[in-house]
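Asker: The following comprises the amino acid sequence and a computationally predicted model.
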Amino acid sequence: MRQHGTTLVELVVVMSIAAILLAIVVPGYAYFSTINRLAALTNGLTGALQTARSEAVRRALRVSVCKSNTAMSTTPACDAGAKWSDGWVVFVDGGTRGVLDGSDEVLRVGDAQSTALTVSTTNFSTYLSYLPTGQSQGPSGLGNGTISLCLAGESRSLIINNTGRIRLSQGEC
């Protein structure tokens, strides 16, 4: 009686083809994964800034976004020594500009991001405020600046103009 099955040669050929396909696909998947993580991180920060701007206009009050390494605690606080990748707090800024005082209302928080994420800024080193007109303002009083996020050699920049509008740009770190 004749038995049907695969030979060792057929099995080796199939395994070789599978190995070649994996060698082609895996590097592309790693790049795709990095791009998606960076997009998610950028969208999170962009959403926080847009929330701050719209709430400032809606409430006719200053609303600020500051960096914080205690954003997810029960009593978040702004921290000039923290990094933007540690987290951020969006709050109605009724007291000292850029400082989360006791009477300020927390609107939204952003959790710590990937440890591989690097964030650099121009004009927004510790916080970014939005005025009731929707205009942006940093610690130096300037309204325009950039927040750049870098992850695994890929970069996204949030370019904020004097009117508070955000434009995204991409590039390499």
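Answerer: Good, I have the coordinates.

Asker: from memory residue 140 sits against residue 123, does it?
Answerer: Yes: between residue 140 and residue 123 there is a contact under Cβ atoms under 8 Å: 6.0 Å. To be clear about C-beta, it is placed using only N, CA and C from the backbone, and glycine gets the same treatment.

Asker: Between these two, which is the more surrounded one?
Answerer: residue 123 (18 against 11; other Cβ atoms under 10 Å).

Asker: Tell me the spacing between residue 118 and residue 139.
Answerer: Using Cβ to Cβ, to the nearest Å, residue 118 is found at 20 Å from residue 139.

Asker: Please disregard the earlier target; I meant residue 16.
Answerer: 60 Å.

Asker: Settle it for me: which of these two has more neighbours?
Answerer: Set residue 16 next to residue 139 and count neighbours by other Cβ under 10 Å: residue 139 wins out with 16 against 10.

Asker: does the more buried one really touch residue 122, like I thought?
Answerer: No: assessed by Cβ under 8 Å, residue 139 is found out of contact with residue 122, at 11.6 Å.

Asker: where in this protein is pLDDT low?
Answerer: Along the chain, segments meeting pLDDT under 70 span 1, 114.

Asker: Tell me the buried residues in stretch 19-39?
Answerer: Across stretch 19-39, burial judged by 16 or more other Cβ atoms under 10 Å covers 37-39.

Asker: And stretch 57-67, by the same measure?
Answerer: Buried, per 16+ other Cβ under 10 Å, within stretch 57-67: 57, 62-67.
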